[in-house]
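Colleague: A predicted structure for the sequence below; I have some questions about it.
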Amino acid sequence: MNQLFENELNVINFGMKSFKETLDGLKVKSVQVDWKPPIFSDSKVFQVINENKDKIELANKEAVTRILNSKPFLVGMGKALDVIPGMKKNLLLHAGPPVTWNKMCGPMKGAVIGALIYEGIASNTKEADKIAASGKIEFSPCHEHSTVGPMAGIVSPSMPVFILENEAFGNKAYGTMNEGLGKVLRYGAFSPDVIERLKWMENVLYPALKTTIEKSGKIDLKNIIAQALHMGDEVHNRNRAATSLLYRILAPSIVRYVDDKNTAIDVLEFINRNDHFFLNLSMAVSKVSLDPARDIDYSSIVVVMARNGTDFGVQLAGTGDEWFTGPSPVPDALYFQGYTKEDANPDIGDSSITETNGLGGFAIASSPAIVQFVGGNTKDAVNYTMKMYEITAAENNIYKIPYLNFRGTPTGIDVIKVVEKSVLPFIDTGVAHKNAGIGQIGAGVLSAPSEPFINALIGLTKKIKLLKEK
Amino acid sequence: MKITGFIKKGQYFDSVSIMLVAKQLSGLKEIVDSAVLMGTKENISVLKSSGLLIHEFKDAGEMDLLVVFKTEENADVASLLKSAEKLLQPNKDMSEDKNLNPSSLEGAVSALPGANLSMISIAGRYAADVAMKSLQMGLNVMLFSDNVPLDKEIELKTFANKKGLFVMGPDCGTAIINGTPLAFANVVNRGNIGIVGASGTGLQEVSCLISNAGCGVSQAIGTGGRDVKKEVGGIMFIQGLRALADDKNTDVILLVSKPPAKEVIEKIKFEVTKINKPVVSVFLGSSPELLFGTKIHACATLEEAAFLAVALAQNQPASSVREIINQQSSYIKELAKKESSKLSSEQKYLRALFSGGTFCDETQLICNELLTDVYSNTPVGNAKKLNDSNVSEKNTIIDLGDDEFTVGKPHPMIDYSTRCKRIIEEARDTETAVILLDIVLGYGSNMDPIAEVIPTIRKVKEITLARKYYLPIICSVTGTDKDPQNRTSVVTALKSEGAIVMNSNAASSRLAISVVIGKGSK
């Protein structure tokens, strides 16, 4: 029999807020739901999802368990050509889902030009432009080579990269070193000073760090991130604490193992000047932690969110290597003096891998120092993180947020929840100028576009149907 | 006249924002007619029939917001467009409540673990899904939304019935659960009378009459009007009846509905044989003979049913109600005589303008035995269908809450503007002998109905005085003194403007009809 008459009335209100206000006035407990229509409502797709609910749940549990159990370490460094799987002399890796030269946005084209000059393949812009368009150069997403790159994310064969290993599963991931702020390749700048810095990084910084890591041993990066979250970082738009923690580990060893004193000073100063030095590592940590969750049939957990400045791409644990894409949006941002949204390039970079791993925008409640990006109000930042719990499958066992009484960050985006609840992943981001060669013009936040997630959900149901037929 | 509008592509606005914009827009004096609505197929056809479908809307889809208004030729359309745009801007005030609301049922349940009722007033095409999820999670449902497909209603109710949960609605405007008024409901005394209602206004009227008579309501379960039709088969009506039969705080059961389907009446009759509590019914428009031979006390009006339930709840004989009604009849007769005598020879017809659909039915049914040439936009009994709902003929009884008047506008219980406009029109008609109104108080309704009605009453007086006429305005006020509007102060204000206020719609209808008849016999 119905217990409604015997119990205190507790109401959940969908729709007219005045109904909830009435209940408030009458001191009846109630919760208002910020309901929005589902971003997609094809009943056939949801039927497949409902019919396979148990299998999906089980698969998702496996996926998030793997993500949470990851043990990412920085184990060494090497040249891209030598260590990145599938890397070739005529191959450039780029951020986001696949894109052709014709469709590349300004900053990515700029970074390609810069990389071709850096590699000595071209001697000037015009030549680089011609070579890039000629078809002699191949392009491939970083993500298809266990690699991640911020912004344009260009990785060329000679570039030195960090090597990370997930000791729980034995897989590896790779990422370049961060160049710093200002005019840098990742934002599409390719002037001589940019190339010169890249050369210095290859010839001075790389050997020094490589030796240091080899001699002093692997570094536990998960631990650094966990601590950094307690120190005001979300390790996407703020990496000051994580960079400092890494610096504390590296500095004595650099002094110890780098023979030339001036080199040691230059290296230490370079890292010290760049608050974002750790960003490329937090991205690689996320990549190496998420990759073991790939190829789990039925799983609706997102293992990649990445943008190439033209499209926003998503990959799921349960859909193999297939990309699901939609146009990348222009972020609402705080712009540097003299720039506006008009100048901004659509969102770009692999850095949204941090959000995919429960960091960045998902952990923004940990980062009150950068709430200006989300409207200046601490409560806004907390609300953004709280909202992400609605679309994730787990709470992180290591990454925890002090303000939320050390609740684990929302981890493991479930594409079904995203679509059903119309709550899109919240991403911290930097903004590049839409023209090549100018660089960063702002930073801010955005909600991921809905289309890639809808496509991913449809893709998952197709895959499930194929599995059933077998 | 000029028609202007614009379309907002792919934007979702919740119904409240749309209603607020619609109300504010229609309040602008330059605007003759307006609509703010989502571009669903039904809405497009409504716009078409009201001549508001403009070229810009030709590719509109159901996720597009349409704004259109009619103005005089010389109106400053540009500034009106700007104000409409402004009204649609989201409120970015940083001082606003920053507390985060969950975005989903799961989120809400974890925030309120004891949740036992989902109240749903989102667009009908999404409401059923949310309702089903609520049921699956063990919550009862009050479905305020309309336009929920019939098959979905049946699916929901069948599922809920198996789980022993309630689905009140769709299109359920009123319920009182554990003493808490939900949606459009009044603050009534708690007591020992339990109500099942398939008619929202009907449920409001009986619960107020019971409370004003010093008795109270244990539970009032709304079912939505379609529940008692053949297709749904009264699933929730019967479930509500059973729940009240089992409820230890309910001594008398009162059933309120427009005519249920024959099959449903049979089910009710069978169910009642198993119940050891008095059962009173008012099935407006249904022949009382259908219930002969059962122990159900069948009544013809909401008032009679409420009074009878009160008598039984106080262990008084059913016959005591006859006395009250008889007393009232003689009072009405006297008053009617006085009012008729003040009318001019031209004034012949009743003009009733209702915000409550059930009242519109009830008044027509009371007319049945007494008045001929009755027209309505929603005819029942002997009434005929109006040619044009906007033009009264002879005795006219209008439901202004019917869809044709409310698409893109708030309900007339909230927004009196359409009704006030119509009152003035009727006052200008020299054949109008009496204007009959309902004023419904309580949560959800207009919080200050006096501010809406009084200026109109004064305008009516101006018009009739200029012609040296007298035009009686008779109303019933559905509400209690515990309602936020306070019934007594509303009644006092109306009386001070010369309106005649009766305690129920049945009484005010009888009075109005008697005035018209009295006039005819003079």
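Modeller: Arrived safely, thanks for sending.
Colleague: please put the alpha-carbon coordinates of the helix or strand harbouring B:Ile325 into PDB.
Modeller: Using DSSP states H and E, B:Ile325 falls within helix B:319-341. Provided in PDB are the C-alpha atoms of helix B:319-341 (Å, rounded to 0.1, in the frame of the first residue of the first chain):
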ATOM      1  CA  SER B 319     -31.800  15.600   4.700                       C
ATOM      2  CA  SER B 320     -30.300  18.600   6.600                       C
ATOM      3  CA  VAL B 321     -28.700  19.700   3.400                       C
ATOM      4  CA  ARG B 322     -32.100  20.200   1.700                       C
ATOM      5  CA  GLU B 323     -32.900  22.700   4.400                       C
ATOM      6  CA  ILE B 324     -29.800  24.800   3.800                       C
ATOM      7  CA  ILE B 325     -30.400  24.800   0.000                       C
ATOM      8  CA  ASN B 326     -34.100  25.700   0.500                       C
ATOM      9  CA  GLN B 327     -33.200  28.600   2.700                       C
ATOM     10  CA  GLN B 328     -30.700  29.800   0.100                       C
ATOM     11  CA  SER B 329     -33.300  29.500  -2.600                       C
ATOM     12  CA  SER B 330     -35.700  31.800  -1.000                       C
ATOM     13  CA  TYR B 331     -32.900  34.300  -0.300                       C
ATOM     14  CA  ILE B 332     -31.900  34.100  -4.000                       C
ATOM     15  CA  LYS B 333     -35.500  34.600  -5.100                       C
ATOM     16  CA  GLU B 334     -35.800  37.800  -3.100                       C
ATOM     17  CA  LEU B 335     -32.500  39.200  -4.300                       C
ATOM     18  CA  ALA B 336     -33.200  38.300  -7.900                       C
ATOM     19  CA  LYS B 337     -36.500  40.100  -7.800                       C
ATOM     20  CA  LYS B 338     -34.900  43.200  -6.500                       C
ATOM     21  CA  GLU B 339     -32.100  43.100  -9.200                       C
ATOM     22  CA  SER B 340     -34.500  42.300 -12.100                       C
ATOM     23  CA  SER B 341     -36.600  45.300 -11.200                       C
END
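Colleague: and the next helix or strand past the helix-or-strand element of chain B with minimal mean pLDDT?
Modeller: The weakest-scoring helix or strand in chain B, judged by mean pLDDT, DSSP states H and E, is helix B:15-27 (a mean of 72). As assigned by DSSP H and E, the chain's next helix or strand after helix B:15-27 is strand B:31-38.
Colleague: show me what that following strand is packed against.
Modeller: Under the contact criterion of 3 or more C-beta pairs under 8 Å, 6 or more residues apart in numbering or on different chains; DSSP states H and E, strand B:31-38 touches helix B:15-27, helix B:41-49, strand B:65-71. Heads up, the C-betas are built off the backbone N, CA and C, glycines and all.
Colleague: mind listing what's buried in it?
Modeller: Neighbour counts over strand B:31-38 (16 or more other C-beta atoms under 10 Å in any protein chain shown) mark B:31, B:33-38 as buried.
Colleague: residues in contact with that strand?
Modeller: B:1, B:13, B:18, B:21-22, B:25-26, B:43, B:46-47, B:50, B:52, B:62-72, B:75, B:80, B:123, B:407-409 (C-beta atoms under 8 Å, 6 or more residues apart in numbering or on different chains).
Colleague: ok, of the residues you listed, which come out buried?
Modeller: Neighbour counting by 16+ other C-beta under 10 Å classes B:13, B:18, B:21-22, B:25-26, B:43, B:46-47, B:50, B:52, B:64-71, B:75, B:80, B:123, B:407-409 among the contacts of strand B:31-38 as buried.
Colleague: and A:Asn50, how many residues sit next to it?
Modeller: Residues lying near A:Asn50 (other C-beta atoms under 10 Å in any protein chain shown) number 11.
Colleague: the buried ones among the contacts of strand B:31-38 also near chain A: which ones?
Modeller: Among the buried ones among the contacts of strand B:31-38, the residues that sit close to chain A (C-beta under 8 Å from any C-beta of the partner chain) are B:Ala123.
Colleague: find me the pLDDT at residue 131, would you?
Modeller: Unless you meant another one, I'm taking chain A. What the model reports for A:Ile131 is a pLDDT of 97.
Colleague: you looked at the wrong chain, it should be chain B
Modeller: 97.
Colleague: which residues touch it?
Modeller: Contacts of B:Ala131 (C-beta under 8 Å, 6+ apart): B:118, B:120, B:141, B:143, B:148, B:156, B:167.
Colleague: farthest-apart pair in the residues you listed, please.
Modeller: Greatest spatial distance in the contacts of B:Ala131: B:Ser118 and B:Val148, 13.7 Å, computed using C-beta to C-beta.
Colleague: ok, the residue of the stretch 101-250 of chain B found nearest chain A - contacts?
Modeller: In the stretch 101-250 of chain B, the residue that lies nearest chain A is B:Ser121 (3.1 Å; C-beta to the nearest C-beta). By C-beta under 8 Å, 6+ apart, the residues touching B:Ser121 are A:13-16, A:19, B:15, B:127, B:144-145, B:183.
Colleague: if we use 6 Å, what do you get?
Modeller: A:15-16, B:144-145 (C-beta atoms under 6 Å, 6 or more residues apart in numbering or on different chains).
Colleague: which of those lies closest to B:Lys348?
Modeller: B:Phe144 (40.5 Å).
Colleague: I figured that closest one hits B:Phe184, correct?
Modeller: No - contact status for B:Phe144 versus B:Phe184: not in contact, 8.5 Å apart, counting by C-beta atoms under 6 Å.
Colleague: the two: who's more crowded?
Modeller: B:Phe144 (31 against 26).
Colleague: give me the phi and psi angles of the more buried one.
Modeller: phi -80, psi -30 (degrees, to the nearest 10).
Colleague: one more: the one 10 residues further on?
Modeller: According to degrees, to the nearest 10, the main-chain angles of B:Ile154 amount to phi -60, psi -40.
Colleague: find the nearest non-adjacent residue to it, please.
Modeller: B:Val232 (5.7 Å; C-beta to C-beta, 6 or more residues apart in numbering or on different chains).
Colleague: what about that neighbour, which SS state?
Modeller: coil (DSSP: H, G, I helix; E, B strand; the rest coil).
Colleague: in contact with B:Val516, which residues?
Modeller: B:Val516 touches B:350, B:433, counting by C-beta under 6 Å, 6+ apart.
Colleague: how close does it get to chain A?
Modeller: 38 Å (C-beta to the nearest C-beta, to the nearest Å).
Colleague: for the helix or strand hosting that residue, the distance to its chain's centre please.
Modeller: For B:Val516, the host element (DSSP H and E) is helix B:505-521. The chain centre lies 22 Å from the centre of helix B:505-521; the measure is C-alpha atoms, centre = their mean, to the nearest Å.
Colleague: that older thread, ok, and the most crowded of the contacts of B:Ser121?
Modeller: Result: B:Phe144 is most packed of the contacts of B:Ser121 (other C-beta under 10 Å), 31 neighbours.
Colleague: which residue, other than its chain neighbours, is closest to that one?
Modeller: Nearest to B:Phe144 is B:Ser121, by C-beta to C-beta, 6+ apart, at 4.0 Å.
Colleague: now B:Ile517
Modeller: Per C-beta to C-beta, 6+ apart, closest to B:Ile517 is B:Leu370, 6.4 Å.
Colleague: would you confirm that the one you found contacts B:Ile513?
Modeller: Yes - between B:Leu370 and B:Ile513 there is a contact under C-beta under 6 Å: 5.2 Å.
Colleague: so between the two, which is more surrounded?
Modeller: Of the pair B:Leu370 and B:Ile513, B:Ile513 is the one with more neighbours under other C-beta under 10 Å, namely 25 against 13.
Colleague: so who does the more buried one touch?
Modeller: B:370-371.
Colleague: and for B:Ser118?
Modeller: B:Ser118 neighbours (C-beta under 6 Å, 6+ apart): A:12, B:134, B:139, B:141.
Colleague: over to B:Ala313?
Modeller: B:Ala313 neighbours (C-beta under 6 Å, 6+ apart): B:192-193, B:215, B:251-252.
Colleague: quick check: A:Trp35 vs B:Val232, distance?
Modeller: 25 Å (C-beta to C-beta, to the nearest Å).
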